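Student: this one's structure only:
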């Protein structure tokens, strides 16, 4: 699928031959790997590839589905028990949750460890359910620990009818590389009381494992699409960001939208050479950032990170990228993602688009409207890579469509002084 002479492992792992690299992860236990399907990939041409696979393994006495992961890096920064050769590149392979970079991930899946942790926090009792919500190899994972409801009978909920009892979330465990823990802990410390971020109830620094209390509310996106609660207005979102703008946080946020476009463009052109020229043209037209003040920002400000209840904002999630950055990148992140989802949302794309248009019009009156439009298109372009990263069905067609949508958006928004009037693009 790709040609990468500097990182031959990428050619193997992005092909049907990935099983050759992954097999040693199960060989020690006598397992035989029969198939492996790529489910996630983080790829930088010539530098690194981190990937996860769903596999089926035949063990001596049974067969079972397994999740396997692999890291191959040109810089040789490898950890783990199984270091293998992948076409001339050294790679580390493992069974999830035994990620050698995330020492807290396996304990977070261990029922004994989890029960002892909860008992120490005064949350023990009942049957516990442990579910991993998300995982990216070598980077991070989130595990939710819930208590199974007592009794299985239906209960009447006013306005919603009869519902089955749902598990009670007790803790969210975030596993990360230990060296990243202090920065996240500091972000939660300095932002506590300013925004309704999840409360960190314990931090096991040596494991890179943090435990957070649950927050009430539903994601903002569900409010936009399903009308669960009133979506937050443009001024409410700005007011939220204003609460943290002057908080001293001595670390940088993620790279700017424009820097991310250039970074992602290299990967997109490598995995879809047929789109290389279109990608190059977009990067050229996008141009350079205008100067903007550096303040404290959220860093990953979007429709799933904000929780909403009947009276408004109830929670702010994921402070991993909180730090010094530019306000426009937070605003553009929200707009570009909403615009992209408006084209793929089957339940209410027009609602998502209308919400994005309302935000864009309001924000264009308080920040540089040209720069807001430009970075919004950049976020839409970056979003096109997600279909490849998460190996969605038909990702090639979806990525090509995403690039075309971002390009059309850039052309229209930068040709007009009016931020409003967004329409669904039909490339």
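Tutor: Alright, I've got the coordinates. All values derive from a computational prediction rather than experimental measurement.

Student: isn't residue 41 right up against residue 385?
Tutor: No. Between residue 41 and residue 385 there is no contact under C-beta atoms under 8 Å: 10.4 Å. To be clear about C-beta, it is placed using only N, CA and C from the backbone, and glycine gets the same treatment.

Student: Would you mind giving the secondary structure of residue 344?
Tutor: coil (DSSP: H, G, I helix; E, B strand; the rest coil).

Student: May I ask you to name the longest strand in this structure?
Tutor: strand 32-44 (DSSP state E).

Student: contacts for the helix or strand following that strand?
Tutor: Later in the chain than strand 32-44, the nearest helix or strand by DSSP states H and E is strand 48-58. Applying C-beta atoms under 8 Å, 6 or more residues apart in numbering, the external contacts of strand 48-58 come out as 7, 9-10, 13-14, 18, 22, 26, 31-43, 63-75, 96, 135-139.

Student: Compute the distance between the closest residue to residue 266 other than its chain neighbours and residue 344, please.
Tutor: Excluding its sequence neighbours, the residue lying closest to residue 266 (C-beta to C-beta, 6 or more residues apart in numbering) is residue 45, at 5.6 Å. As judged by C-beta to C-beta, to the nearest Å, residue 45 and residue 344 stand 26 Å apart.

Student: Show me where the stretch 201-350 of the chain has its strands.
Tutor: 209-212, 218-219, 295-297, 306-309, 312-316, 323-325 (DSSP state E, counting those that start in this stretch).

Student: picking up where we left off before, got the buried residues for the longest strand of the chain?
Tutor: 33, 36, 39-44 (16 or more other C-beta atoms under 10 Å).

Student: what distance separates the start and the end of stretch 190-208?
Tutor: 19 Å (C-alpha to C-alpha, to the nearest Å).

Student: neighbouring contacts of it?
Tutor: Residues outside stretch 190-208 that contact it (C-beta under 8 Å, 6+ apart) are 102-104, 107, 117, 120-121, 171-172, 175-182, 185, 188, 209-215, 240, 243-244, 247-249, 313-317, 319, 322.

Student: of the residues you listed, buried ones?
Tutor: By 16+ other C-beta under 10 Å, these give 102-104, 107, 117, 171-172, 175-176, 178, 181, 188, 209-212, 214-215, 240, 244, 249, 313-317, 319, 322 as buried.

Student: which residue packs closest to residue 200, ignoring adjacent ones?
Tutor: Nearest non-adjacent residue to residue 200, counting by C-beta to C-beta, 6+ apart: residue 188, 5.0 Å away.

Student: Over to residue 358?
Tutor: Leaving aside its sequence neighbours, residue 358 sits nearest to residue 234 (C-beta to C-beta, 6+ apart; 6.5 Å).

Student: Isn't the one you found up against residue 367?
Tutor: No. In this structure residue 234 lies outside contact range of residue 367 using C-beta under 8 Å: 11.1 Å.

Student: wouldn't residue 45 be in contact with residue 264 here?
Tutor: No. Contact between residue 45 and residue 264 fails when scored by C-beta under 8 Å: they sit 11.1 Å apart.

Student: more neighbours, the two?
Tutor: Ranked by neighbour count (other C-beta atoms under 10 Å), residue 45 and residue 264 place residue 264 first, with 22 against 18.

Student: contacting residues around that one?
Tutor: 381-382, 385.

Student: same question, residue 98
Tutor: 105-106.

Student: That one belongs to a helix?
Tutor: No. Per three-state DSSP, residue 98 lies outside any helix segment and is coil.
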